[in-house]
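S.K.: Model the structure of this input:
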Amino acid sequence: MSSLSDVFAGTRDEGRAALVGYLPAGFPSRAESADGFRALIDGGCDILEIGMPYSDPVMDGPTIQAAATRALEDGTRITDLMRIVESAASAGGVPVVMTYWAPVYRYGVERFCRDLAAAGGRGMITPDLIVDEAGDWLAASEQFGLDRIFLVAPSSTPERLALTTEHCSGFVYAASTMGVTGVREQIGDLAPQLVERTREFTDLPVGVGLGVRTPEHVREVGGYADAVIVGSAFVSALEQGTDQARQLAQDLRDATTRTR
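M.R.: Numbering: from 1, shown residues only. Next comes the predicted model:
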């Protein structure tokens, strides 16, 4: 199975940014969710960000909130999440889970990490968990060989960037703007500076998300970041069908190659 470090070694050799595709587990339904992720794999996503639907998603915009609500109403639970991770890994994808911390805590941190590793998950993105409060996650991630992907933001101080990146592995998630997820006409102006500031403290790859939706956005972000993270655009495409999600992935993947 490919690790995150393998993915980034490959994309560096190919002279392009990695494409990270996000969808909530259980969307558009529990029965169809695995097909959506396979469409992203077939379309060329290098990493899959599989979201655990949550009832109070403070970082998510209306598109992802609506998709998560739909998944929850269909009965999506952590057991479904693990099944979808396993399906994605078996299909050749490189899956990481994006989840708010409360579901992990309720399930049991060690148990969650054990089940995620057994399903073929490579790591976890924890948007509302700061390093200072992540002792259980740090220990369990080491125990089960999972990458820890913490977030940094334009408001992060040098001290916070140093502390956060010290405890990251796999890659660092740089939020392009202050605010929630969702499509935007422009990527946050502070994103390039945030990537540059983050690299002062780590050699890890830096991925940029929030607001990326078009090939033009991908070319822009891929010019300065190691990974381009796309969420709401994939949710909207999958609502139209797996063919549309696959085509969007292909179009965005084609835009990841850097001009020399």
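
S.K.: In the stretch 101-250 of the chain, what residue spans correspond to strands?
M.R.: In the stretch 101-250 of the chain, the strands defined using DSSP state E, counting those that start in this stretch lie at 123-125, 147-149, 151-152, 172-175, 206-209, 227-230.

S.K.: Figure out which of these is closest to Leu248.
M.R.: strand 227-230 (8.2 Å; Cβ to Cβ). Every residue, glycine included, has its C-beta placed from N, CA and C.

S.K.: packing partners for the closest one?
M.R.: Under the contact definition 3 or more Cβ pairs under 8 Å, 6 or more residues apart in numbering; DSSP states H and E, strand 227-230 sits against strand 18-24, strand 206-209, helix 215-222.

S.K.: please redo it, this time with the cut-off set to 10 Å
M.R.: helix 4-14, strand 18-24, strand 47-51, strand 172-175, strand 206-209, helix 215-222, helix 242-254 (3 or more Cβ pairs under 10 Å, 6 or more residues apart in numbering; DSSP states H and E).

S.K.: Given the fifth one, what are its sheet partners and their directions?
M.R.: Looking at strand 206-209 with DSSP bridges, its partner strands are strand 172-175 (parallel), strand 227-230 (parallel).

S.K.: before we move on, what about the second one?
M.R.: Sheet pairing for strand 18-24, assigned by DSSP bridges, gives strand 47-51 (parallel), strand 227-230 (parallel).

S.K.: who are the neighbours in contact with the closest residue to Gly21 other than its chain neighbours?
M.R.: Leaving out its chain neighbours, the residue that sits closest to Gly21 by Cβ to Cβ, 6 or more residues apart in numbering is Cys45, at 3.8 Å. The contact partners of Cys45, by Cβ atoms under 10 Å, 6 or more residues apart in numbering, come to 18-23, 37, 39, 88, 93-94, 230, 234, 245-246, 248-250, 252-253.

S.K.: one more time with 7 Å, if that's ok
M.R.: 19-21, 249 (Cβ atoms under 7 Å, 6 or more residues apart in numbering).

S.K.: Sounds good, over and out.
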